[in-house]
Structure formats: C-alpha cells, structure tokens
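# my questions concern the predicted model and sequence given below.
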Amino acid sequence: MQDMKEMKPLLEAIMKSAKRIKVAIDVKDIGYSQQENSSGETQLQLDIQCDMIIEEELSHVPSVHTLASEEKEDAMAVHADGKYLIGFDPLDGSSLVDVNLSVGSIFGIYTNDFEAKSMLASCYVVYGPRVELVFAFEGQVRLYLLQGGEFEYVKEIKLNEKGKLNAPGGTQQNWEPYHKAMVDGLFQEGYRLRYSGGMVPDLHQILLKGGGLFSYPATSDKPEGKLRQVFEVFPFAMIFEYAGGGAIDGKNRVLEQSPRHVHDTSPCFFGSNYEINRVKEVYANV
Ligand code: AHM
Ligand code: MG
C-alpha cells in the first residue's frame, strides 16, 4: 500500500510544472511547429514546451521509473529503480489557448504497467481565470487552488446523485441514432448544454457543479472514440469514481480496460450516477 508520503514528491513536481506551464501560457506567442504528434496532429510549440517542463520536473523525482506523454510516440525510461510510471497529457485542449479558453494538464500515476488496474493516483490541473489542481488518491478527490504562488487545499470534491449539465462530445453528424436520442432525452429533461471542447474544464465543471454527463462516444468517423485511455480517460475515471460517480465505455467501467498501446483511445462517459445509469440502459441493447 502506497501512502501519501510516497506520493508527495510526485504531487510537488506536478505542482511545480503547473506553475511553470501557467507562466508559459501567459507569455507564449503561439506559433505552429513542424512536428506532428503520434496521432498525426500538428503540435503547437506550447505543447512541446509544456511537455518539456513536465518531463524535466518529473524526471527529478527518484521514484519515477517511466514517463509516457501524449506528445511522444514512445515511453521514456527515467530511473531504473523507480517504481512509478506516469502517463500525462501536458496541455490538453491546446488549440483553445489562442481563443483564450481554459486548458489543462492530466496525469495518471501507475505501477508496473499502464493498465487501468495499475493506476494508483491521478491528477489534473485547469488553467483558467484561476489555476486549480485536483488530486485523486486513496478514495478521495482533493481540490487545490493556486494562490500567491502556492497550491492551497480547498475541499474534497463529491458528486451528487444527479446533475443538470450535459457535455456531448464528438461530431453530431457522426453520432449513432441511439446516442443522439439519449443526448436529446437529457435536454428534454431540462439538462443544459455545457461544452467548451476542452475535456479538463468541461469535466471540472461537472465535478464542481455536482454532476451531469460528459460523453465522447464511438462515432462513425472515430469508432474507438477520440480520448486516450492512459493519458486522459483513466485519470478522469478514477476521479469520477472516487467522487461518487462513474466512468464507462457505454457498457463497462473504463477502469477495467487494458490498452494494447499507450496511445489507444476509448469511447467514454463520465458523470454522476443517474446519468451513467441512463447511458448503461441505452447502450445495453446495442
Ligand atoms: P487534444 O488532446 O488533442 O487537445 O484533444 C482532446 C480534446 C479534449 O480536451 C476534448 O474533450 C476533445 O478533444 C474535444 O474534441 P471534439 O472537438 O471532437 O469534441
Ligand atoms: Mg489531450
């Protein structure tokens, strides 16, 4: 059983990275680099810079064995005698920076391998009007706020049984009819649309407003969804489950999945219990 003492240097390195990334976002002149990431997208220079910051801070921690970044094809060995494997998305939603919407960094802390069942803790940082950090470990989800240069603990995050927000991802034209019917059904029940196109602020909003549903389903153009298991889906799944909600691929918990490759994606649904049960009912028959 790992305790908080062992997690502390990791969390501190993440906090240090977050402060440096905030500065990079604030000052960076946004230009496109020539490099493509492993999903074939043109990387923003800012992505590369954030990736370097996190790599630098986390490789200083002796307990880190391996780092795998969404921005790099292969995982990187760090300390042979370390025991943690960290999968991270350095700047999720980076294309939103130039329109001044919120973005985030996401971290999954694993042991042995990058399977969902090997994840011990997870964390994300939201760079919005304020910088907030959410850390899930040992069944609890803790919220921190950056104030006067330091992260201060604010509160534990708990979801209600049911929320009011609906955040439907993916291209609607490519949704399956039953998925569209489910999304429309929630709107007919009074749910309100909240979708910025950044999974970190979109999920953060659902967590802090007490509930709702975020979906990124399988679509005709993306049958395996868009969001990456190791860097995006598993870390948020742990957070939603610990907060008293759920995270499924339609039918099953995403935390039961075993990715074949570190960059694999999965359809995913995150929410409070009422909405997750609704998804299960709809997807049970397909
Ligand atoms: P990125 O890692 O390339 O930034 O993409 C991930 C982002 C998520 O933050 C967001 O939920 C999703 O892509 C939005 O996709 P879409 O525009 O297809 O709804
Ligand atoms: Mg991402």
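Here it is on my side, so go on. Ligands and ions are numbered 1, 2, ... in the order given.

# tally of neighbours for the closest residue to ligand 2 within the stretch 151-286 of the chain?
The minimum distance from the stretch 151-286 of the chain to ligand 2, using Cβ to the ion, falls at residue 232 (5.4 Å). (Each C-beta comes from the backbone N, C-alpha and C, glycine too.) If you count neighbours by other Cβ atoms under 10 Å, residue 232 ends up with 27.

# assign a three-state SS to it, would you?
Classification of residue 232 using DSSP: H, G, I helix; E, B strand; the rest coil returns helix.

# give the contact list for it.
Listed by Cβ atoms under 8 Å, 6 or more residues apart in numbering, the contact partners of residue 232 are 70, 89, 92, 106, 199.

# list the contacts of the closest residue to ligand 2 within the stretch 51-200 of the chain.
Residue of the stretch 51-200 of the chain nearest ligand 2, by Cβ to the ion: residue 92 (3.6 Å). Residues counted as contacts of residue 92 (Cβ under 8 Å, 6+ apart) are 70, 103, 104, 105, 106, 198, 199, 200, 232.

# can you name the two of the residues you listed that are farthest apart?
70 and 198 (14.0 Å; Cβ to Cβ).

# my read: residue 21 touches residue 126, true?
No. The pair residue 21 / residue 126 is not scored as a contact, 11.2 Å apart, by Cβ atoms under 8 Å.

# with neighbour numbers in mind, choose between these two.
Comparing residue 21 with residue 126 by other Cβ under 10 Å, the one with more neighbours is residue 21, at 26 against 23.

# quick check: phi and psi at that one.
Phi and psi for residue 21, reported as degrees, to the nearest 10, are phi -70, psi -40.

# okay, it: pLDDT?
pLDDT, residue 21: 97.

# check the contacts of residue 92 against ligand 1, which are close?
The subset of those lying close to ligand 1, counting by Cβ under 6 Å from any ligand atom, consists of 198, 199.

# which of the contacts of residue 92 lies closest to ligand 1?
residue 199 (3.3 Å; Cβ to the nearest ligand atom).

# how deep is the closest one tucked in, by neighbour count?
For residue 199, the count of nearby residues is 27 (other Cβ under 10 Å).

# let me see the contact set for it.
Applying Cβ under 8 Å, 6+ apart to residue 199 gives the contacts 92, 93, 104, 169, 214, 216, 227, 232, 236.

# try residue 236
By Cβ under 8 Å, 6+ apart, residue 236 lies in contact with 106, 122, 124, 199, 203, 247, 268, 270.

# need the three-state assignment for it.
Applying three-state DSSP: residue 236 is helix.

# same deal with the one 4 residues further on?
Per three-state DSSP, the secondary structure class of residue 240 is helix.
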